[in-house]
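Undergrad: sequence-free structure coming up:
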């Protein structure tokens, strides 16, 4: 049985499943028209959207039209700090950073330490440790300072709880049962939690006392939360948030989600070079079984995990095109492809580490604070 | 069908029901031994305990023994601000004030504005208005300044939510369904709320990082909350709170709870003298039908609502004894009894109004604040 929801991702993930999810969840595929509309603002497209990893949306067209008419939006995304972060976790943030820069907008990042304490076998201290580490990892991607703020649930609990109360009045146990598959043995903190996750979608509209559009980039397993949010917010007088939704990053073994529960098949930000090398070289390849066949037929890029990682991380699009051409035509062998990807990943991780070191004493400036935010946004 | 829980009090309330509740809830009756133990500290007994309105408990004996051995306790009680307060609402506070003075202890009063917003058809502004009014009404009884603090849920939401999370991890939907009769159509804020109401039972132990005993005076319809609290707190390493439990104050019509849903049969703190007079004179009397019969048989005090109100409010016990003797023997007529009660109630309400006026600019000093409390209690 397939299950895709915030608590579970089971079974093989393939294109058919994404099509079905888009239909079931009432999402829209990002089509050429919308890509062109985006391009008018961003000039070029980020590989994650160009290659269809961010592939679906709700009201993105609407939010862009309003943006064109002078109505700003802000971005909201999040992270549940239940462990160290791997490349798959960083993907939505990597893309979000691009969106923030291209549109020059505010970004709220919710760190749901309460949720992870409630739903995992973790102590408060463990969750608190991961929250701090994860925030540094995220910041090491390089978001705009002064426009990027972490809502850390335990730290911002006052405003979160007070706004979550408004939200929760419109959501019954039946609804969270049918939406999230919760049941009667779930703890009441977990049952309440969707209200907390909804808050960043309307917190700026609340603080500034006027409707402000919100765009949420997220992986498709989180869609339940935001469908619920969209149902409720109009009842509170706030605009429905728009979504831009990604598939899962292909795991290194070529199927399923790159998950923190598959330690050996995910590249962690603190993996050694040897570990990264080992993982990439044992990743599922689209290259042919023998050198002769590869030269004759070329690689099947759609199945080649190293290539898929490479094309996301390589910013020089001409290089990507060249590799693509050579590898798919058989001029490049799969070992070479892996070597190129390995070097790119190491370079990417090194850059993160360097920025992380610089940023680690500045984290306080990235923490959400109502008064600070109000002053900034009122200017 | 009888229902006694925090959301419902139905049917006629009589002694049989109280006995059944004590048994069902696992309470203990406050017996002569315990009364004597209390008296060793308080010299005399407050009428509310002497006359058996506060009639049951859990671990009160234990907390007193530990108190005698130098281990302090604090009091915790609360109010849901869903409307104006009437005399029946003030009773637990009136008794709590006496306990605070006799034992010279800290008192936390939780004002559950979140709960009333979630469970009643009230706006935030309405709940916020009642919260302020109710706090002033409560303070007008005259609690010890510097030892009495309101935990206002919306204001103290940060620490409440963070501690409620710990509590909620140990409570499932099944449990709140069986404990409170909640169902699947209840909103998820209401479902989570028992965690918030549990927090003041262990907040001082948490803040000072050592076990501090807590004694909770409350009316019996709130017992569900505290049975649940007692189940969970040991799992968090905190002591179980002790309880001292009251019956409902007899309503002016002589049966059921003096409820805010029975506007005409409850004496409100802001009732005019004419209204108070009208209500007391139309209250259920234990006097006989005719003057002759009254003189011959005397009044049935157990059914006489004016007398029962009088004996709670009259601090001069000799006067109470005299009235009791004269009224029960038939020397006093029911009209006179009503007149005496009316004057006592007016005097009581006037004193409240006077103190309310004095205290209304000092309310900030009574608001709970973690840092303030920590400093006070560490001294």
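TA: All right, it came through fine. Note that the coordinates shown come from a computational prediction; the quantities given were computed from them, not determined experimentally.

Undergrad: my guess is residue A:277 meets residue A:342, correct?
TA: Yes - judged on CB atoms under 8 Å, residue A:277 makes contact with residue A:342 at a distance of 5.4 Å. All C-beta atoms are positioned from the backbone trio N, CA, C, and that covers glycine.

Undergrad: please list the residues of the stretch 51-200 of chain A that sit near chain B.
TA: Within the stretch 51-200 of chain A, the positions near chain B by CB under 8 Å from any CB of the partner chain are A:114, A:117-118, A:124, A:154, A:157-162, A:164-166, A:168-174, A:176-177, A:182-192, A:194-195.

Undergrad: where do the helices of the stretch 51-200 of chain A begin and end?
TA: A:60-68, A:87-103, A:113-119, A:124-139, A:157-168, A:173-180, A:188-198 (DSSP state H, counting those that start in this stretch).

Undergrad: which helices and strands sit right next to the second one?
TA: Other helices and strands packing on helix A:87-103, by 3 or more CB pairs under 8 Å, 6 or more residues apart in numbering or on different chains; DSSP states H and E, are helix A:32-42, helix A:47-50, strand A:73-79, strand A:107-111, helix A:124-139, strand A:213-219, strand A:242-246, helix A:305-313.

Undergrad: cool, and the last one?
TA: Taking 3+ CB pairs under 8 Å, 6+ apart as the contact definition, the neighbouring helices and strands of helix A:188-198 are helix A:113-119, helix A:157-168, helix A:173-180, helix A:223-236, helix B:157-168, helix B:173-180, helix B:188-198.

Undergrad: out of these, the one nearest residue A:371 is which?
TA: helix A:157-168 (10.6 Å; CB to CB).

Undergrad: what distance do you get for residue A:78 to residue A:218?
TA: Distance from residue A:78 to residue A:218, counting by CB to CB, to the nearest Å: 8 Å.

Undergrad: so what's residue A:261 scoring on pLDDT?
TA: Residue A:261 carries a pLDDT value of 50.

Undergrad: re earlier: what subset of the residues of the stretch 51-200 of chain A next to chain B is buried?
TA: Buried residues within these, counting neighbours by 16 or more other CB atoms under 10 Å in any protein chain shown: A:114, A:117-118, A:154, A:157-162, A:164-166, A:168-173, A:176-177, A:182, A:186-192, A:194-195.

Undergrad: would you map the helices across the stretch 201-350 of chain A?
TA: Taking DSSP H, counting those that start in this stretch as the criterion, the stretch 201-350 of chain A contains helices spanning A:203-208, A:223-236, A:273-281, A:291-297, A:305-313, A:317-329, A:334-359.

Undergrad: distance to chain B for the ones you listed - can I get that in JSON lines?
TA: Shown next, in JSON lines, are the helices of the stretch 201-350 of chain A (distance: least, CB to the nearest CB, whole Å):
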{"stretch": "helix A:203-208", "distance to chain B": "12"}
{"stretch": "helix A:223-236", "distance to chain B": "10"}
{"stretch": "helix A:273-281", "distance to chain B": "34"}
{"stretch": "helix A:291-297", "distance to chain B": "54"}
{"stretch": "helix A:305-313", "distance to chain B": "36"}
{"stretch": "helix A:317-329", "distance to chain B": "45"}
{"stretch": "helix A:334-359", "distance to chain B": "26"}
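
Undergrad: out of these, which one sits most buried?
TA: helix A:305-313 (a mean of 24; mean count of other CB atoms under 10 Å in any protein chain shown).

Undergrad: show me what that one is packed up against.
TA: helix A:47-50, helix A:87-103, helix A:317-329, helix A:334-359.

Undergrad: thought residue A:281 was touching residue A:340?
TA: No - counting by CB under 8 Å, residue A:281 does not reach residue A:340; the two are 12.0 Å apart.

Undergrad: still on that earlier bit, wait, which of the helices of the stretch 51-200 of chain A is closest to residue A:296?
TA: helix A:87-103 (32.4 Å).

Undergrad: how's chain A carved up into domains?
TA: What automatic domain parsing lists as the domains of chain A is A:3-252, A:263-357.

Undergrad: need these in JSON lines (columns: distance to residue B:71).
TA: Below are those laid out as JSON lines (distance: least, CB to CB, whole Å):
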{"stretch": "domain A:3-252", "distance to residue B:71": "27"}
{"stretch": "domain A:263-357", "distance to residue B:71": "48"}
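
Undergrad: low pLDDT regions in chain A?
TA: A:1-14, A:249-265, A:378-379 (pLDDT under 70).

Undergrad: residue nearest the centroid of it?
TA: Taking CA atoms, centre = their mean as the criterion, residue A:92 is the residue nearest the geometric centre of chain A, at 2.4 Å.

Undergrad: tell me the contacts of residue A:307?
TA: A:286, A:299, A:301, A:323, A:324, A:327, A:337, A:341 (CB atoms under 8 Å, 6 or more residues apart in numbering or on different chains).

Undergrad: mind putting these into CSV with distance to residue A:101?
TA: What follows is the contacts of residue A:307, written out as CSV (distance: CB to CB, whole Å):
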residue, distance to residue A:101
A:286, 32
A:299, 32
A:301, 28
A:323, 25
A:324, 25
A:327, 30
A:337, 29
A:341, 25
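
Undergrad: is it true that residue A:187 touches residue A:118?
TA: Yes - with contact defined as CB under 8 Å, residue A:187 reaches residue A:118; the gap is 6.2 Å.

Undergrad: return every residue with contacts to both of those two.
TA: Listed as contacting both residue A:187 and residue A:118 by CB under 8 Å, 6+ apart are B:168, B:169.

Undergrad: the nearest residue to residue A:145 once chain neighbours are set aside and residue A:101: what is the separation?
TA: Spatial nearest neighbour of residue A:145, chain neighbours left out: residue A:365 (6.7 Å); criterion: CB to CB, 6 or more residues apart in numbering or on different chains. Counting by CB to CB, the gap from residue A:365 to residue A:101 is 18 Å.

Undergrad: what's near enough to touch the residue nearest to the centre of chain A?
TA: A:77, A:217, A:218, A:219, A:246.

Undergrad: and of the residues you listed, the nearest to chain B?
TA: residue A:218 (21.2 Å; CB to the nearest CB).

Undergrad: quick check, that closest one in contact with residue A:246.
TA: Yes - contact between residue A:218 and residue A:246 holds when scored by CB under 8 Å: they sit 7.2 Å apart.

Undergrad: sweet, I'm off.
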